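[1] Below are the sequence and a predicted model for it; my questions follow.
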Amino acid sequence: MAPFCPFVVSVGVLDRIKCLLKCINMKVAIGIVVAIIIIIVGIVIFSPNSKPNDQQGNSNFTTNSQSKAAYPKTDLIIGKADAKATIIEYGDFKCPSCNAFHHAAGQQLRESYINDGKLKIVFRAIAVIGPDSQRSAIGAYCANEQSKFTEYHDDAYNFMRDNYYKNQNFFAEFKDILLSDKLRELAVNAELDGTKFAGCLDKSDYKQMVDTNMQLASADGVRGTPTFKIGDQIVTGPQPFNTFKTLVDIQLR
């Protein structure tokens, strides 16, 4: 399983690189130079010291970790919107650890809680790895326009697992794989209208939503992906199902 890897400047670039070296095949270590460049760019963009833009004040969202979260129609929700229990997930579609959560504890949560209407996952798509992180995050909102977010979400993670991560090719995390044509293909496979999806993706109207998610992540103290906010607790990495079960059960009391 790919480890949870930090991405903010306070952790340090060398620590991030050490973490990555555990993920990738040493035969491709020469490519680490490329990864360093990408990491540095991500660090600069995501640094908590950077000034928030005007999207921070969007009344549809809350950045106070102690406040009750609001879930507007534009939120990406897995499950029923009125479910009693809520998990907020900060994830990147290119993140191997997010992928690991989806195929393990994420599936168990669906079987035990989500399918019964007890739990919803509010997915806040953030872009911290590469250009296709943002592209695929925007695609999630485009899929949501057609009420197919969950299908798109699952197909995107399945594609990365089946073609890369299942074979221990974690260096694919830093390759620009989820191009517009590939995302359109995934959307069509998820039974979306491909033409409408492509038009939405090209307009990139949802970039502001992804930027807002980045602001919310910074406000919630997110230091890597995946990170989960469950009540007033923060859970990092693809933890076992029982970790999530305990916190969900508390909300359901």
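    Great, that's in hand. Residues are numbered from 1 along each chain as shown.

[2] quick one: the closest residue in space to Thr236 that isn't next to it in sequence from Ile88, how far?
    The shortest distance from Thr236 to any non-neighbouring residue, by C-beta to C-beta, 6 or more residues apart in numbering, is to Thr227 (5.2 Å). C-beta: built from backbone N, CA, C; applies to glycine. Computed as C-beta to C-beta, to the nearest Å, the Thr227 to Ile88 distance reads 9 Å.

[3] any shared contact partners between these two?
    Listed as contacting both Thr227 and Ile88 by C-beta atoms under 8 Å, 6 or more residues apart in numbering are Asp220.

[4] Just after the strand or helix carrying Phe101, pick out the following helix or strand.
    Assigned by DSSP states H and E, Phe101 falls within helix 96-103. Downstream of helix 96-103, the first helix or strand assigned by DSSP H and E is helix 105-112.

[5] average pLDDT across that next one?
    For helix 105-112, mean pLDDT rounds to 98.

[6] Format the CA atom coordinates belonging to it as CSV.
    Taking C-alpha atoms only, helix 105-112 is exported to CSV below (Å, rounded to 0.1, in the frame of the first residue of the first chain):
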residue,chain,number,x,y,z
ALA,A,105,-12.1,1.3,4.0
GLY,A,106,-14.1,3.4,1.5
GLN,A,107,-15.9,0.3,0.2
GLN,A,108,-16.6,-1.0,3.6
LEU,A,109,-18.1,2.3,4.7
ARG,A,110,-20.4,2.1,1.7
GLU,A,111,-21.5,-1.4,2.6
SER,A,112,-22.0,-0.7,6.3
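
[7] Now find how far off-centre whatever helix or strand comes next after that helix is within its chain.
    Going down the chain from helix 105-112, the next helix or strand is strand 119-125, by DSSP H and E. Centre-to-centre, strand 119-125 and its host chain are 10 Å apart (C-alpha atoms, centre = their mean, to the nearest Å).

[8] residues in contact with strand 119-125?
    Strand 119-125 has contacts (C-beta under 8 Å, 6+ apart) with 69, 71, 75-81, 83-93, 106, 109, 113-114, 136-137, 140-141, 149, 153, 209-210, 213, 216-217, 248.

[9] Out of the residues you listed, which sit inside strands?
    Using DSSP state E, the subset of these located in strands is 76-78, 85-91.

[10] Can you tell me which of the residues you listed are buried?
    76-78, 85-91 (16 or more other C-beta atoms under 10 Å).

[11] Switch those residues over to a markdown table; also include distance to Leu179 and pLDDT.
    Output for those, formatted as a markdown table (distance: C-beta to C-beta, whole Å; pLDDT from 0 to 100):
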| residue | distance to Leu179 | pLDDT |
| --- | --- | --- |
| Leu76 | 21 | 97 |
| Ile77 | 27 | 98 |
| Ile78 | 25 | 98 |
| Ala85 | 36 | 98 |
| Thr86 | 33 | 98 |
| Ile87 | 30 | 98 |
| Ile88 | 29 | 98 |
| Glu89 | 24 | 98 |
| Tyr90 | 24 | 98 |
| Gly91 | 20 | 98 |
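
[12] can you redo the residues you listed as a markdown table with distance to Ile121?
    Formatted as a markdown table, these follow (distance: C-beta to C-beta, whole Å):
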| residue | distance to Ile121 |
| --- | --- |
| Leu76 | 9 |
| Ile77 | 7 |
| Ile78 | 4 |
| Ala85 | 10 |
| Thr86 | 8 |
| Ile87 | 5 |
| Ile88 | 8 |
| Glu89 | 5 |
| Tyr90 | 11 |
| Gly91 | 10 |
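
[13] which residue packs closest to the residue nearest the centre of the chain, ignoring adjacent ones?
    Closest residue to the average C-alpha location of the chain: Gly91 at 1.5 Å, with C-alpha atoms, centre = their mean. Ranked by C-beta to C-beta, 6+ apart and with sequence neighbours excluded, the top spatial neighbour of Gly91 is Cys98, at 4.2 Å.
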